[in-house]
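Participant: sequence and computational prediction follow.
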Amino acid sequence: MDIFILSRSISTYLNDDMCLINPDGTEDSNIYFTGDIVQQSSNLAPEIINAERERFSDKKHKHIESIERLTYHLDKNCKRLENTKSNGKDYLPILRNELKKFRKLKHNWMLTL
């Protein structure tokens, strides 16, 4: 939940900076990554719940693979947003640190399944 709250807050902050039109009339293409981090972080909790509820190991592994893909893409999009011209990019390392903690917890959690 902390990852979701952080990503939503960072996305809102970054959107305010990035929603301005460039002098050449184009928009900042990185603005779409802000929505991606919110979407990916909001999908983590349901996948965790689904993995916990599954009885069969092969279905559990599918949910675990989905969690791994989501965390990978979430981290990748954070790296992309760190290269933007927004002041909000200073908050992205906080989210990335939470992702590191989550990966460690995920590893221990996977051993219990």
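Facilitator: Structure's in. What do you need?

Participant: could you use CA atoms for every contact and neighbour count after this?
Facilitator: Fine.

Participant: chain neighbours aside, what residue packs nearest to Asp75?
Facilitator: Arg96 (6.4 Å; C-alpha to C-alpha, 6 or more residues apart in numbering).

Participant: same question but for Ser41, I mixed them up
Facilitator: Closest to Ser41 by C-alpha to C-alpha, 6+ apart is Phe4, at 5.0 Å.

Participant: report the distance from stretch 87-103 to the chain centre.
Facilitator: From the chain centre to the centre of stretch 87-103 is a distance of 9 Å (C-alpha atoms, centre = their mean, to the nearest Å).

Participant: same check, this time on stretch 66-78
Facilitator: Distance, stretch centre to chain centre, for stretch 66-78: 6 Å (C-alpha atoms, centre = their mean).

Participant: ok, stretch 19-37 next?
Facilitator: From the chain centre to the centre of stretch 19-37 is a distance of 18 Å (C-alpha atoms, centre = their mean).

Participant: give the buried residues for that stretch.
Facilitator: Asp28, Asn30, Ile31, Phe33, Thr34, Gly35, Asp36, Ile37 (16 or more other C-alpha atoms under 10 Å).

Participant: what does that stretch contact?
Facilitator: 7-8, 10-12, 14-15, 18, 74, 77-78, 80-81, 84 (C-alpha atoms under 8 Å, 6 or more residues apart in numbering).

Participant: closest to Ser66 out of those residues?
Facilitator: Each of the contacts of stretch 19-37 was scored against Ser66 by C-alpha to C-alpha, and Leu74 proved nearest at 12.0 Å.

Participant: skipping its backbone neighbours, what lies nearest the closest one in space?
Facilitator: Of all residues not flanking Leu74 in the chain, Ile37 sits nearest, at 5.6 Å (C-alpha to C-alpha, 6+ apart).
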